[in-house]
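Student: I would like the atomic coordinates for the input below:
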Amino acid sequence: MASLSVIHHCKIALFSSLVLISMVAFSASFYQFQVGDEIGWTKPTDDTHIYNDWAERNRFHVGDSIYFRYQNDSVLVVDANDYHNCITSNPIYKFEEGNTFFRFDRYGFFYFISGVAGHCEAGQKMIIRVMVHPEVEPRSPEASSPQLAAGGPGGWDLGPALMNSTTRLASYFMTALGGVLVILYLFM
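Tutor: Okay, the predicted model is just below:
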């Protein structure tokens with residue numbers, strides 16, 4: 001009888017391990033993109049559309065993050081109007097540390113500009129459209145009632161993403177905690 005109990009516990013442990021591994025794999029399936037690839041986030045010398053061209057070549061989803069690499073510059077997250085008019089005085093978020101990670105926590109449009117005078121006008125600005133994963137059903141416009149953007153692509157401005165440097169770490173922690181709870185439940 002004791003050997004059946006050991007076999008039963010081994011099966012439960014194997015099942016729990018598979019559940020935990022699949023949970024970790026799902027939480028780590030997001031991508032990180034470096035803005036501008038090898039040139040980073042810098043004032044363009046001749047191509048004023050370089051960052052929007054880069055953004056159009058990539059597909060961004062909720063959970064993905066972008067990495068801005070820069071020196072003596074800044075990254076401002078702004079609304080559509082401030083983006084189109086290069087207004088730096090009222091950013092939603094402002095980053096100046098030189099290495100900025102920004103995680104997308106919703107779908108829609110995100111507007112980024114440089115905070116250095118003249119850089120936005122020279123083309124150091126970018127619009128990123130975050131797409132909905134196929135397995136996620138988008139909210140209907142009536143239910144979410146987003147604000148219309150003045151002249152923004154698609155006409156939608158869904159507001160700023162909530163960003164926190166510990167978001168990914170918290171996600172990993174919750175996944176691990178969930179796995180431990182499953183294992184404890186199965187063995188108790």
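
Student: how about stretch 108-117: buried residues?
Tutor: Gly108, Phe109, Phe110, Tyr111, Phe112, Ile113, Ser114, Gly115, Val116 (16 or more other CB atoms under 10 Å). For glycine as for every other residue, the C-beta is placed from the backbone atoms N, C-alpha and C.

Student: can you give me phi and psi for the fifth one?
Tutor: Backbone dihedrals for Phe112, given as degrees, to the nearest 10, come out at phi -120, psi 140.

Student: Just give me the closest of the buried residues of stretch 108-117 to Asp53.
Tutor: Minimum distance to Asp53 across the buried residues of stretch 108-117 is 14.2 Å, recorded for Phe112 (CB to CB).

Student: so who does the closest one touch?
Tutor: Residues counted as contacts of Phe112 (CB atoms under 8 Å, 6 or more residues apart in numbering) are Val35, Tyr51, Phe68, Val75, Leu76, Val77, Val78, Tyr83, Lys125, Met126, Ile127, Ile128.

Student: sorry, back to before: among the buried residues of stretch 108-117, which ones are in strands?
Tutor: Gly108, Phe109, Phe110, Tyr111, Phe112, Ile113, Ser114 (DSSP state E).

Student: Could I get the full set of helices for this protein?
Tutor: 2-27, 50-57, 80-85, 141-144, 167-187 (DSSP state H).

Student: Least reliable of the ones you listed by average pLDDT, please.
Tutor: Mean pLDDT is lowest for helix 141-144 out of the helices of the chain, coming in at a mean of 44.

Student: Reformat the ones in strands among the buried residues of stretch 108-117 as TSV; add distance to Phe60 and pLDDT.
Tutor: Converted to TSV, those look like this (distance: CB to CB, whole Å; pLDDT from 0 to 100):
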residue	distance to Phe60	pLDDT
Gly108	10	96
Phe109	10	97
Phe110	8	98
Tyr111	13	98
Phe112	12	98
Ile113	18	98
Ser114	20	97
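
Student: ok, what's across the strand from Asn99?
Tutor: Arg69 (DSSP bridges).

Student: Settle this for me: it is touching Asp73, isn't it.
Tutor: No. The pair Asn99 / Asp73 is not scored as a contact, 11.5 Å apart, by CB atoms under 8 Å.

Student: So between those two, which is more surrounded?
Tutor: Asp73 (19 against 11; other CB atoms under 10 Å).
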